[in-house]
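**Q** Below are the sequence and a predicted model; questions follow.
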2 protein chains.
Amino acid sequence: MLKTFEYAQLNPIELQELTTRNTDPSHAIQDTVLDIIQEVRQNGDKALISYAQQFDKVELEKLYLDANDIDALASTINREQQRALEIAFQNIHKFHSSQVKRERVVETTIGVKCWREIRPIEKVGLYIPGGSAVLPSTLLMLGVPARIAGCKEIIVCSPPQKSGKINGFVAYCLKLLKIERIYLVGGAQAIAAMAFGSETIPKVDKIFGPGNQFVTKAKSIVQGMANVSIDMPAGPSEVLVIADETATPAYVAADLLAQAEHGADSQAVLVATSKDIIEAVNLELEKQLAILPRFELASKAIENSYAVLATDLNEALAFSNYYAPEHLILETDQWERLVRLILNAGSVFLGHLTPESAGDYASGTNHTLPTSGYARSYSGVSVDSFVKKITFQHISPEGLLNIGSTVEILAELEGLHAHKNAVTIRKEN
Amino acid sequence: MLKTFEYAQLNPIELQELTTRNTDPSHAIQDTVLDIIQEVRQNGDKALISYAQQFDKVELEKLYLDANDIDALASTINREQQRALEIAFQNIHKFHSSQVKRERVVETTIGVKCWREIRPIEKVGLYIPGGSAVLPSTLLMLGVPARIAGCKEIIVCSPPQKSGKINGFVAYCLKLLKIERIYLVGGAQAIAAMAFGSETIPKVDKIFGPGNQFVTKAKSIVQGMANVSIDMPAGPSEVLVIADETATPAYVAADLLAQAEHGADSQAVLVATSKDIIEAVNLELEKQLAILPRFELASKAIENSYAVLATDLNEALAFSNYYAPEHLILETDQWERLVRLILNAGSVFLGHLTPESAGDYASGTNHTLPTSGYARSYSGVSVDSFVKKITFQHISPEGLLNIGSTVEILAELEGLHAHKNAVTIRKEN
């Protein structure tokens, strides 16, 4: 049973409390992560091998697998599974390819030409979580845009399985991406290794990927320490479903549960335009939850979740924009008119037949998305995340005459005489 | 005199040391900034007024100026100065307008449509430094893309002058941008106020703008604390000039000094293809430095700077890409063939007549750029910085049949049964 709140009854403070996600992990995590980072900086590979013993319960002889190992592991999955990964790869590739655009040259004043050119970030680090669920789909979501961007070095870290290897699905994705090495390192230690480099693992320019609280904390710490940037602050996953009387309660419940099974700290929020809908969804939740293999995790997440009763779809959208969900599903016949009203969200699923899980795997959109309200200012991962746009300008003799005095006046008024002189000296010749 | 290093003689460790900028400010700064943030969170406006007494030496009755005050101040500058700000505004506007692009809908599989739509970040905070130099140009560089993006609330903070007001140039820029209020708050306290909100100052979603070490530290701290994001980690400004025998030593020296006058921690690096060029530039530096009003600051910065001797332009480019400069100036006739070799830089100035100061004010490109090597992974500020791109997808009944089983297989292999069920339940009906 979802706790239910009535939107119109919420005062600003209640609204804020209801939509605030816990983004303030305890200092215990921070201290542990700082220790791990320090240890990896000082002892490099030795520290990584020792953490693999401690956390992953494996004795590693070397910290990576190469093409031969990857080939062998990739061949352990069946053709139907390979085919599903290929289709996902193709759809993700097709959508992300559309994100690359050449920009035009703008002559801002006669003789003054300005433009931007795209350059790949040279060295990127992709973190692929292991642990409670191994997520080969995440490797595709990060690897495909990195390949399209043209990144020169793609470093992949993922915790080793008990066997000291990786699973066959991850191996097959590496083959699809033509990545010939994977480092068997997980957790905060993987982030530290990619941020600072070790004997075996190269230092990267930017780190991508989701992870548990330790991984997330490590990413946020190293970005201030190591001249490395990160894709986004990531937190527990979340969905907000907007449903009106045209929605099918069984679909709504299935979507809420797909979010809930990620973990006890996941949040699934239902915003509905009538009490009847909420009741019907609650009934379906009970029914579907009972037969779910990850029943424990999902029921805890449902306890942390809630429903909001809105008077109409516009009010529902107002709540959603305030919440800024990672995933937003519009289960209403009127989805088309609502699109332009959506201001804050990571990825949006439109209509009754577009479940979030389609976007998680195979529609083509990226599933690495801003959580915890960061959708107010962050976009999900795309090819943009793997490139820089460098500005260029060229000024002709005529252009210098046209803007020279403007630059001189403005430099003068800011009291920067050497700035002024860089123009004056050129005008004089 | 610039210290000189020979590129071919540098081993990897020396190369790394030479190109590492100090991005690790002392803990004294961190502790002071944390205190200020805590104080602003707890005491809001009261703390801000008290910091204005302490740091800016003014007694403020209210924390902002409104349209009438701004109008009055704007009219204190002369017509020629107004005109220069207008031209800068127009050029910046023209270039940044070209950055807005509609994206197309991609049908990744028949019946599966995916696209991205752009939404402005609703509330943005712009920090305009005061102190040693007041920079109205920074207000244009941040305000113009914020306006083009369509941000709903644009909060501007800048430290008050001794008069308790702002200068007329900043006021005139506010008028050009149609921004009707400016908050008289500077330093780390301004960043804290925009991150957490006070009685008077609204909390924002993203904070932009350069500043001193305190401002920079505050930005990096609040982004992990307050569900707010920042434009980029900013450090002391820097330029790298590549010069060959076609360069005019007086121009090269003028460009190095324009960087040096920003402050003692600025870095100006010359990469030249012969010893003669370095000697000629050194002579010019001495000559031009002697007559510079900001002589003290600039000479200290020149002491921190250096020259690198490269055997040819390709080697010079290799050093530059390794350094990843905020500003890169190519003073060579061969600039055109070098453009595609530039991998890491913030903004690039091509040829003999394109000084950095043109881009600082009026060419149209943005001057808020990544420093300290962050040009390896960050772009400068653009309209992109003020928007999010939200992904949308819609699946038709045919689309569901086409990708349904792919999603089911992949969800199954990741052990996420509720994800699978969200598709299965829809296929069954």
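**A** Right, received. Where do you want to start? Everything numeric here is computed off the predicted structure, so don't read it as measured data. Residues are numbered from 1 along each chain as shown, chains lettered A, B, ... in the order given.
**Q** For the rest of this, base every contact and every neighbour count on C-alpha atoms.
**A** Noted.
**Q** Kindly export the strand or helix carrying A:C173 (C-alpha atoms) in PDB.
**A** In the assignment (DSSP states H and E), A:C173 maps to helix A:168-176. Taking Å, rounded to 0.1, in the frame of the first residue of the first chain, the C-alpha atoms of helix A:168-176 are listed here in PDB:
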ATOM      1  CA  GLY A 168      29.600 -13.800 -20.500                       C
ATOM      2  CA  PHE A 169      27.100 -11.000 -21.200                       C
ATOM      3  CA  VAL A 170      29.600  -8.300 -20.200                       C
ATOM      4  CA  ALA A 171      32.200 -10.100 -22.300                       C
ATOM      5  CA  TYR A 172      29.900 -10.100 -25.400                       C
ATOM      6  CA  CYS A 173      29.200  -6.400 -25.000                       C
ATOM      7  CA  LEU A 174      33.000  -5.800 -24.900                       C
ATOM      8  CA  LYS A 175      33.300  -7.600 -28.200                       C
ATOM      9  CA  LEU A 176      30.400  -5.600 -29.700                       C
END
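**Q** And that helix, what does it pack against?
**A** Applying 3 or more Cα pairs under 8 Å, 6 or more residues apart in numbering or on different chains; DSSP states H and E, one finds that helix A:168-176 contacts helix A:67-74, helix A:79-97, helix A:136-149.
**Q** Mind putting these into CSV with mean neighbour count, distance to A:A418 and mean pLDDT?
**A** As requested, these are exported to CSV (neighbours: other Cα atoms under 10 Å in any protein chain shown; distance: least, Cα to Cα, whole Å; pLDDT from 0 to 100):
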stretch, mean neighbour count, distance to A:A418, mean pLDDT
helix A:67-74, 17, 56, 96
helix A:79-97, 20, 45, 96
helix A:136-149, 24, 39, 97
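**Q** Determine which of those helices approaches chain B most closely.
**A** helix A:79-97 (4.9 Å; Cα to the nearest Cα).
**Q** Following the chain onward from the closest one, which element is next?
**A** Helix A:79-97 is succeeded, C-terminally, by strand A:106-109 (DSSP H and E).
**Q** residues from the stretch 1-150 of chain A in reach of chain B?
**A** A:23-24, A:81, A:84-85, A:87-88, A:91-92, A:94-95, A:98-99, A:103-104, A:106, A:108-109, A:112-115, A:119-122, A:133-137 (Cα under 8 Å from any Cα of the partner chain).
**Q** Quick check, pLDDT for the closest residue to chain B within the stretch 151-300 of chain A.
**A** Chain B sits closest to A:A258 of the stretch 151-300 of chain A, with a gap of 4.5 Å, by Cα to the nearest Cα. At A:A258, the model reports a pLDDT of 94.
**Q** lowest-pLDDT helix or strand in chain A?
**A** helix A:295-303 (a mean of 85; mean pLDDT, DSSP states H and E).
**Q** Whichever helix or strand comes after that one: how far from the chain's middle?
**A** Following helix A:295-303 in sequence order, the next helix or strand is strand A:306-309 (DSSP H and E). Centroid separation for strand A:306-309 versus its chain: 26 Å, with Cα atoms, centre = their mean, to the nearest Å.
**Q** And for stretch A:136-147?
**A** For stretch A:136-147, the distance to the chain centre is 11 Å (Cα atoms, centre = their mean).
**Q** I would like the residues contacting that stretch, please.
**A** Defining contact as Cα atoms under 8 Å, 6 or more residues apart in numbering or on different chains, one finds that stretch A:136-147 is touched by A:89, A:92-93, A:96-97, A:124, A:126, A:128, A:154, A:169-170, A:173-174, A:177, A:208-209, A:360-361, A:366-368, A:381-383, A:386, B:410, B:414.
**Q** ok, now stretch A:191-203?
**A** Contacts for stretch A:191-203 (Cα under 8 Å, 6+ apart): A:36-37, A:40-41, A:44-45, A:63, A:123, A:125, A:127, A:155, A:183, A:204-205, A:207, A:215, A:218-219, A:222, A:226-228.
**Q** what kind of secondary structure is the residue most central in space within chain A in?
**A** Nearest residue to the geometric centre of chain A (Cα atoms, centre = their mean): A:T368, 2.7 Å. The assignment at A:T368 comes out as coil when based on DSSP: H, G, I helix; E, B strand; the rest coil.
**Q** ok, back up a step: I'd say the residue of the stretch 151-300 of chain A closest to chain B and B:V423 touch.
**A** No - if you go by Cα atoms under 8 Å, A:A258 and B:V423 don't touch, sitting 10.2 Å apart.
**Q** of the helices and strands packed on helix A:168-176, which approaches A:T354 most closely?
**A** In terms of Cα to Cα, the element of the helices and strands packed on helix A:168-176 nearest to A:T354 is helix A:79-97, at 15.4 Å.
**Q** could you give the angle of the closest one to helix A:136-149?
**A** If you take axes from the mean of the first three to the mean of the last three Cα atoms, to 10 degrees, helix A:79-97 sits at 40 degrees to helix A:136-149.
**Q** Quick check: chain neighbours aside, which residue is closest to A:N304?
**A** Nearest residue to A:N304 in three dimensions, chain neighbours excluded: A:Q267, at 6.4 Å (Cα to Cα, 6 or more residues apart in numbering or on different chains).
**Q** Give me the number of neighbouring residues for the one you found.
**A** Residues near A:Q267, counting by other Cα atoms under 10 Å in any protein chain shown, number 28.
**Q** list the contacts for it?
**A** A:P236, A:S237, A:E238, A:V239, A:Q259, A:A260, A:A301, A:I302, A:N304, A:S305.
**Q** what pairs with the fourth one across the strands?
**A** Which is A:V239. A:A268, A:H327 (DSSP bridges).
**Q** quick one on the thing from earlier: can you tell me how far the residue nearest to the centre of chain A is from A:E103?
**A** To A:E103, A:T368 is 26 Å away according to Cα to Cα, to the nearest Å.
**Q** Any residue of stretch A:355-374 touching chain B?
**A** Yes - under the criterion of Cα under 8 Å from any Cα, chain B is reached by stretch A:355-374 at A:P355, A:S357, A:A358, A:G359, A:Y361, A:A362, A:S363, A:G364, A:T365, A:S372, A:G373, A:Y374.
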